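Q: Structure, please.
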Amino acid sequence: MNSPPPKPPQRVPTLTEVIRDLPAESVATPGPPSTPPRDAEVVPEALLAEVWLQESRIAAKVIERLQPRIDVLFEHRLREAMAPMVARVCAAVADEARKELAHRLREAVERAVNEELGRHRDT
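A: Residues are numbered from 1 along each chain as shown. The predicted structure follows:
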């Protein structure tokens with residue numbers, strides 16, 4: 001019988017969590033074997049600090065190298081996302097301007113017709 005494949009874990013632990021959970025005996029201490037063993041609490045903390053520092057440096061370098069590409073990609077995606085909105089706003093502004101222009105033109109023609117009619121009545 002085939003059993004269903006195992007479900008993937010809900011959360012994958014980080015390296016610092018794995019190191020923190022290691023038993024004190026499995027943590028290798030640097031130096032020759034003749035050195036006295038370090039305190040079990042100090043070694044994981046020192047390792048955690050070093051791992052954290054290395055992770056921070058790597059992340060900073062990756063971000064620094066990717067920043068130009070991220071900027072270009074962000075600008076491209078922003079333009080894609082905003083293009084429909086800008087088009088709708090432009091269409092709405094043009095429609096409103098067209099209506100306002102038509103209204104003003106009607107008023108101007110009406111005034112001109114009334115003035116001309118007034119001149120014909122006076123004569």
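
Q: so where is the chain shaky, pLDDT-wise?
A: In the prediction, the chain carries residues with pLDDT under 70 at positions 1-2, 8-9, 12, 15-43, 123.

Q: So which elements touch the helix or strand where residue 64 lies?
A: Following DSSP states H and E, one finds residue 64 within helix 42-122. Packed against helix 42-122, as judged by 3 or more C-beta pairs under 8 Å, 6 or more residues apart in numbering; DSSP states H and E, are the following elements: helix 15-20. The way it works is simple: take the backbone N, C-alpha and C, and place the C-beta from them, glycine included.

Q: Only alpha carbons, please: show stretch 95-103 as CSV.
A: Only the C-alpha atoms of stretch 95-103 are listed here, as CSV (Å, rounded to 0.1, in the frame of the first residue of the first chain):
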residue,chain,number,x,y,z
ASP,A,95,-14.4,64.5,-20.3
GLU,A,96,-14.9,67.2,-17.6
ALA,A,97,-13.0,69.8,-19.6
ARG,A,98,-15.0,68.9,-22.7
LYS,A,99,-18.3,69.4,-20.8
GLU,A,100,-17.1,72.7,-19.3
LEU,A,101,-15.9,73.9,-22.7
ALA,A,102,-19.3,73.0,-24.3
HIS,A,103,-21.1,74.8,-21.5
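
Q: Just give me how far it sits from the chain centre.
A: Here the centre of stretch 95-103 is set off from its chain's centre by 39 Å, with C-alpha atoms, centre = their mean, to the nearest Å.

Q: Alright, calling it a day.
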